[in-house]
Every structure is written in structure tokens, then in C-alpha cells.
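Enquirer: Curious how this folds, go ahead:
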Amino acid sequence: MEDILWTFSHLELLDILDIVLVAATIYALFFLMQGTQAIQLLRGMVLVVLVMFLLSRVLRLTAFRWLIEATLPALVIGIPVIFQPELRRALERLGRTGQFFVRPIQDETVIRLIDAITRAVHRLSAQRHGALIVLERETGLQEYVETGVPMHAEVTSQLLRTIFYPSTALHDKAIIIRNGRVAAAGCMLPASTNPQYGYLGTRHRAAIGVTEASDALVVVVSEETGTISVAYNGKLARHLNTSQLRAALTAFFQHQLTGDWTRLLERSTSGSTRSGEAGPGVPEPRSSSRETTGSTAGRSPPPIAPK
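Expert: Numbering: from 1, shown residues only. You can find the predicted model right below:
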């Protein structure tokens, strides 16, 4: 105890600055790993090391102190191995410095893209047709594009609904949108191994998995319930309506999905609109004679794109 009091009594300005920098570094590590399966392990390691260090100092346990000093170098080497996925993700975030200097996108192409995705997802949700739509940003997804069928097609509501119609060959996997166009369909995505999402189906875990390794945003429609979900930065927001979906897409293209982005969706609407219904500002898509709902399982014939 006397050593601790002596240390505090001899603190200088540089010493305080040194302590603040160490605390900020530890906080940054916790912040970058927040929401991942490594956060519990990291907290446990930090707690054990602090308790052991304090015990050795306060109780003057010489042998115990030697054990700690001999173990710390091994921990320093082991941490990069244990937290390799999380460290890679953190370095990728730091490498995306360009996104802080990008001006918000407001051109007509993005507006049409958001409108096409929102309308298509509204119809897919109402008919309970599963969908997995990936929006690429700065982290390249070419390795996943190569697993699918190249398309290079303009994004339209009719095209998206046709791809994800249950009778088509490409409906059960993902499409990847790059630079406002459908780069490929039928793409395979890596499923998340985070036990927090172990109860989810393959489609939702795949959506989370690709956002854990990139800065992409993924829109998911459940085939069982028609629920609309959005995955970004390793997190999943579920039970969204089309107003919330439109807000998420707009914020994504304006580089405003930061921090706890799921709260942005909660503020974007009063929550009175049910999931899958058209919210304010999202008109009901027009239905043609080929889009009327059939009598079997609520599914309609595949929509035909206009010539």
C-alpha cells in the first residue's frame, strides 16, 4: 500500500499523459472488438492480468511476481494469434481513411438504386420470397463475385424480384451490387461463426459473415416469415419496415452508418408501421396482371421485365 501511495505522490504531468494514452489504447481495442466473440475473452484476460499484478505488488509476492513477468511476453505473442480475425478487421477499418473525405452521394443514380431495392424488398417480403442483396463499398468483394454468375446489369425492382423468385436457378444465394449495377448473382458468402447469431438461419449468418470481413451492407428477406433485416459491420437489425430500410440505405451511401447504427433505424420511424409494410414516403409498388398473388403458398408467377 505504501508503494502505491508513493507512486501517486510522485506523479508528474508526463506520467498522467502516459497513463491516459495507455487507457485510450485499451479503450480503442475494446471498441473495435465490441460485438464480436472475442470481447468476452479479452475482458477476462485483462481482468486476470490486473488482479495478478495488483496482488503481486500489494502483498509483495516475489515468486508470483516473477511468474507474471515471465508469462506476459508469451501473452504478447499469443494475442495476435488468438485475435487474428478481430485485428484484421480493425486494420481494415483504419485503412478505410478515404471514407472520411467522401462527400455524401445525392445523385439520381443512387436515388433510383435505393428506390429499386426498397420496392423489390417490399414485394419479396409480402410474398415471403427469400433474398440476399449485398452492396459493395470500398472493400473489394471480387472473391465472392467470382463464385456467382456475372451479370453487369442495371438494378431494377423487376430484375431483383425475378432473380429471387423461388423457381429460378439463382434465387437461393446472394447478389452483389457494385457501382450501382448487379455485378453477379448466385454468389456464395461466408457464414458468421459468432455464437451470438448461432440461432439464425444460413441466409442471415451469411449476411453477417460478409459484413464482418468488409464494409459492405446486406439486405436480407426471410423466406419463412418475410422479415426484412439489414446487416452492417457485423451487426444485424431485424424486423424493419420499408421506411427503416430506406433510411439505412440512404445513410449507407452517405457514409453515416457509424457507431451504434441500429439506433439510427429506431429514430427513422415512429415504429407504428409493421415490418414488411410500406412506410411513409414509400409508395405501394404497382401490380400488374402477372404479379397477382396466387393461391398456393402466397406466391405469384415470376415477374416479367418490360421489353
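Enquirer: Outline the domain layout of the protein.
Expert: Here the domain parsing of the chain from automatic domain parsing is 2-95, 108-267.
Enquirer: Could you dump the ones you listed into JSON lines and include mean pLDDT?
Expert: Output for the domains of the chain, formatted as JSON lines (pLDDT from 0 to 100):
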{"stretch": "domain 2-95", "mean pLDDT": "73"}
{"stretch": "domain 108-267", "mean pLDDT": "90"}
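Enquirer: quick one, which of the ones you listed is packed in tightest?
Expert: Most buried of those by mean neighbour count (mean count of other Cβ atoms under 10 Å) is domain 108-267; its value is a mean of 19. All C-beta spots, glycine's among them, are computed from the backbone N, C-alpha and C.
Enquirer: who's the residue nearest the centre of the chain bridged to?
Expert: By Cα atoms, centre = their mean, the chain has its centre lying nearest to Y232, at 2.1 Å. Residues in a beta bridge with Y232, per DSSP bridges, are L217, K235.
Enquirer: Please tell me I have it right and it contacts S214.
Expert: No: with contact defined as Cβ atoms under 8 Å, Y232 does not reach S214; the gap is 10.0 Å.
Enquirer: got a list of what the closest residue in space to L132 that isn't next to it in sequence touches?
Expert: Once flanking residues are discounted, L132 sits nearest to A174: 3.9 Å by Cβ to Cβ, 6 or more residues apart in numbering. Contact analysis of A174 by Cβ atoms under 8 Å, 6 or more residues apart in numbering lists 132-134, 144, 148, 185-189, 206, 210, 218.
Enquirer: Which of these fall within helices?
Expert: Counting by DSSP state H, these place Y144, A206, V210 in helices.
Enquirer: Out of those residues, which comes closest to Q84?
Expert: Lowest distance from Q84 to the ones in helices among the contacts of A174 (Cβ to Cβ) belongs to V210, with 18.1 Å.
Enquirer: Leaving aside the residues adjacent along the chain, what's closest to the closest one?
Expert: That would be L189: by Cβ to Cβ, 6+ apart, it lies 4.6 Å from V210.
Enquirer: how close does that neighbour get to L54?
Expert: Using Cβ to Cβ, to the nearest Å, we find L189 at a distance of 45 Å from L54.
Enquirer: Look at F30 and tell me its secondary structure.
Expert: With DSSP: H, G, I helix; E, B strand; the rest coil as the basis, F30 sits in helix.
Enquirer: Wait, it touches L42, no?
Expert: Yes: counting by Cβ under 8 Å, F30 does reach L42; the two are 7.0 Å apart.
Enquirer: any residues in contact with both of these two?
Expert: Counting by Cβ under 8 Å, 6+ apart, nothing touches both F30 and L42.
Enquirer: quick one, helices of the stretch 151-300 of the chain?
Expert: 157-163, 202-212, 242-253, 262-267 (DSSP state H, counting those that start in this stretch).
Enquirer: Show me the one of the ones you listed that comes nearest E108.
Expert: For E108, the closest of the helices of the stretch 151-300 of the chain is helix 242-253, at 12.5 Å, according to Cβ to Cβ.
Enquirer: same for the closest one, what does it pack against?
Expert: Where contact means 3 or more Cβ pairs under 8 Å, 6 or more residues apart in numbering; DSSP states H and E, helix 242-253 is packed against helix 108-127, strand 217-221, strand 228-232, strand 235-240, helix 262-267.
Enquirer: The second one: how far from the chain's middle?
Expert: For strand 217-221, the separation from the chain centroid amounts to 10 Å (computed by Cα atoms, centre = their mean, to the nearest Å).
Enquirer: got the CA positions of that strand in PDB?
Expert: Taking C-alpha atoms only, strand 217-221 is exported to PDB below (Å, rounded to 0.1, in the frame of the first residue of the first chain):
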ATOM      1  CA  LEU A 217     -24.200  -3.600 -46.300                       C
ATOM      2  CA  VAL A 218     -26.500  -6.600 -46.800                       C
ATOM      3  CA  VAL A 219     -30.300  -6.600 -47.100                       C
ATOM      4  CA  VAL A 220     -32.000  -9.800 -46.100                       C
ATOM      5  CA  VAL A 221     -35.500 -11.000 -46.600                       C
END
